[in-house]
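How does the following fold in three dimensions:
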Amino acid sequence: MAASLIDLEIFDELQQTAGADFVVELLEAFFGEAPENLAAMRTALAARASEPFRRAAHSLKANAQTFGATALGAAALALEHDELPHDTAPLDALDNLYTETITTLREMARDLRQA
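You can find the predicted model right below:
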């Protein structure tokens, strides 16, 4: 589960460097910001506005990579660098990947709180 969505080496390194409590704080911020990034990407796509779309994808990518959410980060990176999509299919796929990833990260945050 976590191994396929989260690079545990990156996550563990962050925890060792920043401490478990701070990682939980960072995760809580990510849990609030990521949906905003996804919504901004949808708004930008609807407006055919490539720069806001890329900025939101970049932010999502950078934050995902911080926690070792490499699949989510790679998907956001692809959207950041590709042409603006012609439909919502790539965003729908990104949303699904986000949902899977965030479920795993929430479990990991819960485990850190209990440790």
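
Please pull out the lowest mean pLDDT helix or strand from this structure.
Every helix and strand of the chain was ranked by mean pLDDT, DSSP states H and E. The lowest is helix 2-5, at a mean of 70.

Touching the next helix or strand after that one from outside, list them.
Next helix or strand after helix 2-5 toward the C-terminus (DSSP states H and E): helix 8-18. With contacts defined as CB atoms under 8 Å, 6 or more residues apart in numbering, helix 8-18 is touched by Ala2, Val23, Leu26, Gln65, Thr66, Phe67, Gly68, Thr70, Met108, Leu112. Every C-beta, even on glycine, is put in place using the N, C-alpha and C of the backbone.

min pLDDT across those, which one?
Least confident entry in these, by pLDDT: Ala2, with 52.

May I see the buried residues of the strand or helix carrying Leu97?
Under the criterion of DSSP H and E, Leu97 resides in helix 89-114. Within helix 89-114, the residues that count as buried by 16 or more other CB atoms under 10 Å are 90-91, 94, 97-98, 100-102, 104-105, 108-109, 112.

ok, now stretch 53-67?
Neighbour-count burial for stretch 53-67, counted by 16+ other CB under 10 Å, picks out 53-61, 63-67.

Generate a markdown table for the residues you listed, with secondary structure and distance to Phe11 as supplementary columns.
Compiled in a markdown table, the buried residues of stretch 53-67 are given as follows (DSSP: H, G, I helix; E, B strand; the rest coil; distance: CB to CB, whole Å):
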| residue | secondary structure | distance to Phe11 |
| --- | --- | --- |
| Phe53 | helix | 28 |
| Arg54 | helix | 26 |
| Arg55 | helix | 25 |
| Ala56 | helix | 23 |
| Ala57 | helix | 22 |
| His58 | helix | 21 |
| Ser59 | helix | 19 |
| Leu60 | helix | 17 |
| Lys61 | helix | 16 |
| Asn63 | helix | 13 |
| Ala64 | helix | 11 |
| Gln65 | helix | 11 |
| Thr66 | helix | 9 |
| Phe67 | coil | 6 |
